[in-house]
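> have a look at this prediction, sequence included:
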Amino acid sequence: MSTLTKNIIMDNSKTVSTLNDLLNITNDRIQGFAKVEEKVWDSYSGLKNDYDQMVRESQTMKSDLMGLINERGGNPDDSSTTAGALHRTWIDIKNSFGGDHAESTLENVVFGEKAAIDAYQEALQSGDLCPQSTVVVADQLVKLRASYAKFETLERITE
């Protein structure tokens, strides 16, 4: 095997690993959205369309990441992260003790979006992504920042 071929395989392996990390984060996002209860929209009806758009975008992001992984000869790790699972468990515990579920849910959306943004920024800064993956991940980061801004603004207003 030539040095060039070995380098391409190593680069692909780094790209695939990084893309799988982002896929796990995207799965966390999708599972977190599934926890948003319908009664939240009684208090924040203006955000329902934005929320539905975020869910659709997450599904598209997931599909795009899986496609990139497959194109690079990798196997998509279609699971979520341990941190995400712990956060969802914490949400369940917190909600079981009462309080303002709508406001708490909004805080959790903002927290999850911020965590996803951080992961995407780290992936882009790592230098582990191939050029095509960098373009896709950067585009997805723009969408994450836009949704974060909408929910963060509302969270500040409700404080």
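Ah, there it is. Residues are numbered from 1 along each chain as shown.

> following the helix or strand of the chain with the lowest mean pLDDT, which helix or strand comes up?
Among the helices and strands of the chain, helix 82-96 carries the lowest confidence by mean pLDDT, DSSP states H and E, at a mean of 62. Beyond helix 82-96 on the C-terminal side, the first helix or strand identified by DSSP states H and E is helix 101-126.

> please identify the buried residues of that next one?
Residues of helix 101-126 classed as buried: 101-110, 112-113, 115-117, 119-120, 123-124 (neighbour count, 16 or more other Cβ atoms under 10 Å). All C-beta atoms are positioned from the backbone trio N, CA, C, and that covers glycine.

> residue ranges in this structure under the pLDDT threshold?
1-11, 37-39, 83-102, 153-159 (pLDDT under 70).

> if we go to 80?
By pLDDT under 80, the weakly predicted segments of the chain are 1-11, 34-47, 80-109, 151-159.

> for the helix or strand in which residue 63 is found, buried residues please.
Assigned by DSSP H and E, residue 63 belongs to helix 48-71. Buried residues in helix 48-71, counted by 16+ other Cβ under 10 Å: 51, 54, 57, 58, 61, 62, 64, 65, 66, 68, 69.
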